[in-house]
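Enquirer: Structure for the following, please:
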Amino acid sequence: MDIKRLYQVPSKSFFLFGPRGVGKSTWIRQRAQYALKLDLLQRDTLLKLQRNPTLLESLCAHLQPDDVVFIDEIQKLPALLDEIHRLMEDKRLNFILTGSSARKLKRVGANLLSGRAHTYKMFPFSIKELDNLFSTEELLEIGSLPIVLREPNLAEETLASYVGTYLQEEIKEEALVRRVEEFNRFLAVAGMLNGCVLNFENVARETGKSSKTVQSWYQILVETLLGTMIQPYRPGLKVRESAHTKFYWFDSGVARIAAGLEWTHLDGTWKGFAFEGIILREIQTYLEISRKRNSIFYYSTPGAGGIDFVIETRKKTISQPQEFISIEVKYSNKWRKEFESSSRSLFHKSPKSHKRMIGIYIGPDRLTFDSFEVFPLQLFIEELYAGRII
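Expert: Residues are numbered from 1 along each chain as shown. This next block holds a predicted model:
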């Protein structure tokens, strides 16, 4: 299965982060030109450089200025970044540095090359990249990791291995939790709550751990790139706005397996949240490849429902107000007027800032109801990547 990624290879040194299995190394091999590759997943290579990080200079001694060195899984050896920095300065080498976790780099205060290497992120296949190869239902069930879609008939086995082996290895290797079995119970709860507004006290009761521990475990998922926390939008409109966060897994297939759910037993509520997660990932992918920095929030007030995503299109300054668009996501074949109520309520409270109200559903028709625009999924994807949404 040869699917062209939307990402472009930068011309200078860069970090590329993303969960294992999203295709970082494959994309680099296919699209980038480099003179030397070092894979830190290879134990002998890792051990040699662990014992003597300055060995990197000897390995690069034959290279010329502007040559490129590709180092895979850089988070395995953060100390190497000091040597990389020196070689960038002294030999004018360029480096491609990939990683499946930013946690260890942050934890040890690693040298992130003082801005000499820009940071990029890679996500699973987008709907735009897949170009109708898989249905929405299939993407909800098995996700869109390249290692899964390469052999969709083995999706269950691949996903089970990903969650049961890779996640445990990652957790054990970085000594992130004391008892992996307790963390596995947390993963099941987190998988069930994919896309939900979180109350850490409630999750703590489900897992038998303290809310502080639960928060730290969610932070592990974020820093190992397995999910995203969405903060509440709080414009201060004299109403009680939610102060809780939402957590979305990076892939719906991984979330489902973590939750222990069989694809035949998925209910509409879980699919609805997973569908939101798919839309979030599409927005994140678009923002990444376009190098835009728009912030993504959600909005909720007690008893008045919520808005799935609020995307800031202009930050507030001394001379101008903030601007944003709202996006409602519904896993439904029919669009109902009540889906619009939260967005319309927010629009009435801040009409000058609220520039656009958008709905996304799985029905076939493009609809407009008094400035509320409703897009079928595929049309939204086309408009998004054409730059006509954000």
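Enquirer: Beyond the helix or strand of the chain with the lowest mean pLDDT, next helix or strand please.
Expert: One helix or strand of the chain scores below all others by mean pLDDT, DSSP states H and E: helix 167-173, with a mean of 66. Under the assignment DSSP states H and E, the closest C-terminal helix or strand after helix 167-173 is helix 180-192.
Enquirer: Which parts of that following helix count as buried, going by neighbours?
Expert: Neighbour-count burial for helix 180-192, counted by 16 or more other C-beta atoms under 10 Å, picks out 183, 184, 186, 187, 188, 189, 190, 191, 192. In this view, the C-beta of every residue, glycine as well, is placed from N, C-alpha and C.
Enquirer: in whichever strand or helix holds residue 213, what's buried?
Expert: Residue 213 belongs to helix 211-223 when assigned by DSSP H and E. Neighbour-count burial for helix 211-223, counted by 16+ other C-beta under 10 Å, picks out 213, 214, 217, 218, 220, 221, 223.
Enquirer: tell me the pLDDT at residue 112?
Expert: Note for residue 112: predicted pLDDT of 65.
Enquirer: Can you verify my assumption that residue 85 contacts residue 97?
Expert: No - contact criterion C-beta atoms under 8 Å: residue 85 and residue 97 do not qualify, at 11.2 Å.
Enquirer: And the two? Which one has more around it.
Expert: residue 97 (24 against 17; other C-beta atoms under 10 Å).
Enquirer: contacting residues for the residue lying closest to the more buried one once chain neighbours are set aside?
Expert: Excluding the flanking residues, the one nearest residue 97 by C-beta to C-beta, 6 or more residues apart in numbering is residue 74, at 4.4 Å. Residue 74 makes contacts with 15, 40, 80, 81, 97, 98, 99, 105, as judged by C-beta atoms under 8 Å, 6 or more residues apart in numbering.
Enquirer: Am I right that residue 25 sits in a strand?
Expert: No - judged by DSSP: H, G, I helix; E, B strand; the rest coil, residue 25 forms no part of a strand; its state is helix.
Enquirer: wait, isn't residue 340 in contact with residue 328?
Expert: Yes - counting by C-beta under 8 Å, residue 340 touches residue 328, with 6.9 Å between them.
Enquirer: any shared contact partners between those two?
Expert: 357, 359.
Enquirer: Just want to know which of those two has more residues nearby.
Expert: Between residue 340 and residue 328, counted using other C-beta under 10 Å, residue 328 has the larger neighbour count: 23 against 20.
Enquirer: pLDDT value on the closest residue to that one other than its chain neighbours, please?
Expert: Leaving aside its sequence neighbours, residue 328 sits nearest to residue 359 (C-beta to C-beta, 6+ apart; 4.6 Å). Listed pLDDT for residue 359 reads 98.
Enquirer: same thing with the one 3 residues further on?
Expert: Note for residue 362: predicted pLDDT of 97.
Enquirer: now do residue 81
Expert: For residue 81, the pLDDT comes out at 90.
Enquirer: what about it, which SS state?
Expert: At residue 81, secondary structure determined by three-state DSSP is helix.
Enquirer: Could you check how many residues crowd around the closest residue to residue 373 other than its chain neighbours?
Expert: Closest residue to residue 373 apart from its sequence neighbours, by C-beta to C-beta, 6+ apart: residue 358 at 5.3 Å. When neighbours are counted by other C-beta under 10 Å, residue 358 registers 19.
Enquirer: sorry, back to before: from the contacts of residue 74, which land in strands?
Expert: Under the assignment DSSP state E, these contribute 15, 97, 98, 99 to strands.
Enquirer: in the helix ranked longest in the chain, what's buried?
Expert: The helix spanning the most residues in the chain, taking DSSP state H as the definition, is helix 268-290. Within helix 268-290, the residues that qualify as buried by neighbour count (16+ other C-beta under 10 Å) are 270-289.
Enquirer: got it, and stretch 46-63?
Expert: Within stretch 46-63, the residues scored as buried using 16+ other C-beta under 10 Å are 46, 49, 53, 56, 60, 63.
Enquirer: Relative to residue 190, how far out is residue 203?
Expert: According to C-beta to C-beta, to the nearest Å, residue 203 and residue 190 sit 8 Å apart.
Enquirer: Flag the shaky bits of the protein, pLDDT-wise.
Expert: The chain contains residues with pLDDT under 70 at 1, 106-112, 114, 167-168, 170-178, 236-242, 302-304.
Enquirer: so what are the domain limits for it?
Expert: 14-121, 127-226+250-263 (automatic domain parsing).
Enquirer: Dump these to CSV, plus distance to residue 321.
Expert: As requested, the domains of the chain are arranged in CSV below (distance: least, C-beta to C-beta, whole Å):
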stretch, distance to residue 321
domain 14-121, 30
domain 127-226+250-263, 27
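Enquirer: Any idea which of those gets closest to residue 324?
Expert: Among these, the nearest to residue 324 by C-beta to C-beta is domain 127-226+250-263 (19.1 Å).
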